[in-house]
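Participant: Below are the sequence and a predicted model for it; my questions follow.
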Amino acid sequence: MANKNPLSTIKANVENHIGKKVRLKANKGRKKTTIREGILESAYPSIFVVKIDGGYNSVRRVSYSYSDILTETVEVTVCDEERKIQIS
């Protein structure tokens, strides 16, 4: 039997962790990386959304595509289990 599409596997992994606290490590280019923590809020057919508490009663939502995880532009770690969501 053929392997599943890697993007659909990543999407399924992300959907399993909706509502959990995650740590995002995003590569912004030119040796710049940002690390943020937030709640995995929702998953859509081509993107997922993370809600980040910005302090001072502000909430920020950032979205990434599943291909960002595939190309390792973004690393998503579930804080409860310290397990990376990646192709399995």
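Facilitator: It's in.
Participant: in this structure, which ranges drop under the pLDDT threshold?
Facilitator: Applying pLDDT under 70 to the chain flags residues 1-3, 80-88.
Participant: how long is stretch 7-23 end to end?
Facilitator: 20 Å (C-alpha to C-alpha, to the nearest Å).
Participant: can you give me the offset of that stretch from its chain's centre?
Facilitator: Averaging C-alpha positions (C-alpha atoms, centre = their mean, to the nearest Å) puts stretch 7-23 7 Å from its chain's average.
Participant: wouldn't Ser42 be in contact with Glu15 here?
Facilitator: No. Ser42 lies out of contact with Glu15 (C-beta atoms under 8 Å); the separation is 9.3 Å. Every C-beta, even on glycine, is put in place using the N, C-alpha and C of the backbone.
Participant: These two: which is more packed in?
Facilitator: Using other C-beta atoms under 10 Å as the criterion, Ser42 and Glu15 rank with Ser42 on top: 15 against 12.
Participant: Just give me the residue closest to the centre of the protein.
Facilitator: Geometric centre of the chain, nearest residue: Val76, 4.4 Å, by C-alpha atoms, centre = their mean.
Participant: Please identify the helix or strand for that one.
Facilitator: Using DSSP states H and E, Val76 maps to strand 74-78.
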